[in-house]
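Enquirer: Sequence first, then the predicted structure:
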Amino acid sequence: MIESGLAPGERVIVDDLQPAIEGMALAPRRDVALEARLTAQALGEVTSGERQ
C-alpha cells in the first residue's frame, strides 16, 4: 500500500511478474477499471464484489 510519496502525474507499476529496474524501457498502459477501484477504495466507497 502506498500511503505517501507520490506526486501528481507519477505512475505506479501494478502488474507484471518481472520487476522494473531503473532505466528499463517500459510500455505503460492505463488500466481505467483498476484506477476506478483504487479511487473508490481511497474514498472509502464499496465497489462491486466487496463486502461492507
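Expert: Noted; the coordinates are in hand.
Enquirer: Going by secondary structure, Ala33 is in what exactly?
Expert: Assigned by DSSP states H and E, Ala33 belongs to helix 32-42.
Enquirer: Give the residue spans of this protein that score low on pLDDT.
Expert: 17, 47-52 (pLDDT under 70).
Enquirer: run the last query once more with 80
Expert: Residue ranges of the chain with pLDDT under 80: 1-2, 16-19, 46-52.
Enquirer: Please, where are all the strands along it?
Expert: For the chain, strands defined by DSSP state E do not occur.
Enquirer: For the helix holding Ala33, buried residues please.
Expert: Of the residues in helix 32-42, Arg37 count as buried by neighbour count, 16 or more other C-beta atoms under 10 Å. Bear in mind the C-beta positions are built from the backbone N, C-alpha and C, glycine included.
Enquirer: where's it relative to the chain centroid, distance-wise?
Expert: Its chain's C-alpha centre and that of helix 32-42 lie 8 Å apart, by C-alpha atoms, centre = their mean, to the nearest Å.
Enquirer: next one: stretch 6-23
Expert: Distance, centroid of stretch 6-23 to centroid of chain: 9 Å (C-alpha atoms, centre = their mean).
Enquirer: what's the answer for stretch 19-26, then?
Expert: 17 Å.
Enquirer: got the contact list for it?
Expert: For stretch 19-26, contacts defined as C-beta atoms under 8 Å, 6 or more residues apart in numbering pick out Ile13.
Enquirer: and what of stretch 1-8?
Expert: Val12.
Enquirer: how long is it end to end?
Expert: 17 Å (C-alpha to C-alpha, to the nearest Å).
Enquirer: end to end, how far does stretch 22-42 reach?
Expert: Terminal residues of stretch 22-42 lie 28 Å apart, using C-alpha to C-alpha.
Enquirer: Now find how far off-centre it is within its chain.
Expert: For stretch 22-42, the distance to the chain centre is 4 Å (C-alpha atoms, centre = their mean).
Enquirer: Leu34 against Ala40, yeah?
Expert: No - assessed by C-beta atoms under 8 Å, Leu34 is found out of contact with Ala40, at 10.8 Å.
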